[in-house]
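Build me a structure from this.
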Amino acid sequence: MARYRSALSVLLLVLVVSHAHGRELQQLTGLLGGVLGLVTGPQLPPLPLTLPSLNGLLQAQPDPNTPKTGPFLYVWAAYGKSYTDPLPINVVSELTGQSDFLATIDLNKTSPTYRKIIHIEPIGSTGNEPHHISTNYDGTRIVGSGLLSFIGSTQPLKHDFYQFDIASDPRKPKFLKSSTALLPGKGNAVGGAVADHVFGLADGTYLTTQMGGKTGAPSGSLTIFDADLNSIGSWNLGPNADNSAFDPHGADVKTTSSGKLLLTSDFVNPLSTVTANAFQLLGFQAAKDLIPYTDIIKRQTVRVWDFDNNVPANPRTIQLPGAQGVIDVKFIPGRSDNLALATGVFGNQLYWVDPDNNIAGVAYQFPTDKDYHPHLLAAANDKGTRFLLSGNKAGQVYLLDTSNPKNVKILDIYSTGANSSPHYIVPIEKGGNQFAVADYFLDQGAIGAVHAGGNKRVFVLEVDFSKDKFVQNTAFYLDFAQIPARPHGIATSRQYIDVEK
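All right, here's what the predicted structure looks like:
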């Protein structure tokens, strides 16, 4: 394996010398196409790497025989092994081609480029820690968040959100612009940072969550962006409320008989994950809000909002008993009531949430033999009877029976391998049986306490719903660690969006 990496390094150096100007995109695209490993089944090693030709390394265009119909998987990834490896961050060089990027994977089983990366779209900077991602409602654009852009982005005004066009050619997304969560009507005043969830709404706008303020300290905020990624509204719990524990991470929307509801989940105080020397290490003046923490401060609340006209209003707080870090919340589709599921990471619990009565309870308690760290949920059908759930610290993906939300059962388990950290899950297309899973959560490197870097793979799994089992021999993954890159957010050209329905 080492000799392949050495050969790649020599070949890439030759390319750098010969094509230093305007070639960073082509270099990165070719490199990705040549070094990503494919396996069938979770226990097999990657196939031997093969070196592409010189022309292959420089090829930036998708194969003309790749159908535009897709589906395509879009992977929002950070360059480097961890947030501080390599240092310095926020240095983009034509000689290295280093940049955070959006990768396109062809998932059309009849396509000649099935299971291959066919395009790389760089954003021109590193240090953003690409995080969540979503298409807009009609699937013509994609927006991704930068969790740590407020620290490391190269933008003069720290930008937290990045927009791509996928309508012109879904095989080859085009980076359009970046933006930040500004307070409307207040110039460049920032409303929030630590950008997290992105949610495409039916009117073409985007709902986003920010876990912290502009320096990363509580409180967080909700921001609505218009279709062109301009901030048009920012909200917290209100001027008379206690916003000190408002650190929204997950979010979901539903239209009910009496109006629209919004749920948000509070995860952790972002700055409590950061070491005291973080800002000095990265070359920034220490923020006044950065104080030494002895442990990660975990939250245990879900907020319920009225959301008519896409305006968050009348927030109510639901305490989840015993919860430690509520990272995700999802309405259960297909139900006449408004029950939802939420994950308590550090307490290893899955919760049911009743926003109509402001109560919650434990739907499933993982065993106490080890830390499982349940993370993100994905509905597997329109009836709300099956969900997938990532077990970040356990290195597992769970198929859940949610027919009774107050007594959830695990039907099957897929192991993503030793040292893995599965986090993000999306269905490939509505009504299908394929799901994509990103095996990376966050590795803060030298600046923080979170080191859930996993193996940096993107899995595609199949489920046989007639048997309620994962289909082991059809699974495959692409290995982003060899770039090196950190794949967090994933979306598809046929994204499973049931918002406001």
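
Now do Val302 against Leu102, distance only.
Per CB to CB, to the nearest Å, Val302 is found 31 Å from Leu102. Every C-beta, even on glycine, is put in place using the N, C-alpha and C of the backbone.

typed the wrong thing, it's Leu176
Applying CB to CB to Leu176 and Leu102 gives a distance of 11 Å.

got any residues that touch both of those two?
Counting by CB atoms under 8 Å, 6 or more residues apart in numbering, the contacts common to Leu176 and Leu102 are Phe164.

And those two? Which one has more around it.
Neighbour count, other CB atoms under 10 Å: between Leu176 and Leu102, Leu102 has more, with 25 against 14.

How about that one: which residues does it bridge to?
Trp76, Glu121 (DSSP bridges).

which residues touch the closest residue to Ser221 other than its chain neighbours?
Closest residue to Ser221 apart from its sequence neighbours, by CB to CB, 6 or more residues apart in numbering: Gly192 at 3.5 Å. The contact partners of Gly192, by CB under 8 Å, 6+ apart, come to Ala181, Gln210, Met211, Gly212, Gly213, Lys214, Gly220, Ser221, Thr223, Ser234.

where's Gly192 relative to Asn310, distance?
Taking CB to CB, one finds Gly192 at 17 Å from Asn310.

Then Leu263?
15 Å.

likewise Asn136?
13 Å.

now the helices: where do they sit in this structure?
Secondary structure of the chain (DSSP state H): helices located at 2-18, 24-35, 54-58, 149-152, 278-281.

hang on, the earlier thing: may I ask which of the contacts of Gly192 comes out lowest in pLDDT?
Lowest-confidence member of those: Lys214, scoring 77 (pLDDT).

That one against Val194, yeah?
No. Taking contacts as CB atoms under 8 Å, Lys214 lies outside contact range of Val194: 9.5 Å.

what residues do those two have in common as contacts?
Phe150.

Please say which of the two ends up with more neighbours.
Val194 (36 against 20).

show me what contacts Lys174?
Here Lys174 is in contact with Glu121, Phe164, Asp165, Ser168 (CB under 8 Å, 6+ apart).

please redo it, this time with the cut-off set to 6 Å
Asp165 (CB atoms under 6 Å, 6 or more residues apart in numbering).

Quick check: the gap between it and His119.
Lys174 sits 10 Å away from His119, going by CB to CB.

need the least confident one among the helices of the chain, by mean pLDDT.
Mean pLDDT is lowest for helix 54-58 among the helices of the chain, at a mean of 28.

Just checking the distance from stretch 355-373 to the centre of its chain.
Relative to the chain's own centre, stretch 355-373 is displaced by 22 Å; criterion: CA atoms, centre = their mean, to the nearest Å.

Now do the buried residues in that stretch.
For stretch 355-373, burial by neighbour count (16 or more other CB atoms under 10 Å) applies to Pro355, Ala360, Val362, Ala363, Tyr364, Phe366, Tyr372, His373.

So which of the residues you listed belong to strands?
The strands, defined by DSSP state E, take in Ala360, Val362, Ala363, Tyr364 from the buried residues of stretch 355-373.

so what's the second one up against?
It stands for Val362. By CB under 6 Å, 6+ apart, Val362 lies in contact with Gln349.

ok, now how distant is it from Ala378?
For Val362, the distance to Ala378 (CB to CB) stands at 21 Å.

can you check the first one too?
Counting by CB to CB, the separation of Ala360 from Ala378 is 20 Å.

ditto for the last one
Distance of Tyr364 to Ala378, given as CB to CB: 16 Å.

ok, Asp401 - how many residues close by?
15.

Please name the nearest non-neighbouring residue to it.
Closest residue to Asp401 apart from its sequence neighbours, by CB to CB, 6+ apart: Lys409 at 4.3 Å.

Verify the contact between that neighbour and Thr402 for me.
No. Using CB atoms under 6 Å, Lys409 makes no contact with Thr402, being 8.5 Å away.

more crowded one of those two?
Shown here are Lys409 and Thr402; by other CB under 10 Å, Thr402 has more neighbours (28 against 14).

Please tell me the pLDDT value assigned to that one.
pLDDT at Thr402 comes out at 98.

thought it was touching Leu389?
No. Contact between Thr402 and Leu389 fails when scored by CB under 6 Å: they sit 9.6 Å apart.

so where's the stretch 251-400 of the chain shaky on pLDDT?
Along the stretch 251-400 of the chain, the model assigns pLDDT under 70 to residues 276-292.

typo on my end, the stretch 401-501 of the chain
For the stretch 401-501 of the chain, the stretches flagged by pLDDT under 70 are 495-501.

swap the cut-off to 90 and go again
Scanning the stretch 401-501 of the chain for pLDDT under 90 picks out 429-431, 444-449, 472-485, 493-501.

And the strands in it, which stretches?
For the stretch 401-501 of the chain, the strands defined by DSSP state E, counting those that start in this stretch occupy 409-415, 424-427, 434-439, 442-443, 451-452, 457-464, 469-470, 476-479, 485-492.

Kindly report the same for the stretch 251-400 of the chain.
Under DSSP E, counting those that start in this stretch, the stretch 251-400 of the chain gives strands at 259-266, 301-306, 313-319, 326-331, 340-344, 349-354, 359-365, 374-379, 386-391, 396-401.

Distance from the last one to the middle of the chain?
Here the centre of strand 396-401 is set off from its chain's centre by 19 Å, with CA atoms, centre = their mean.
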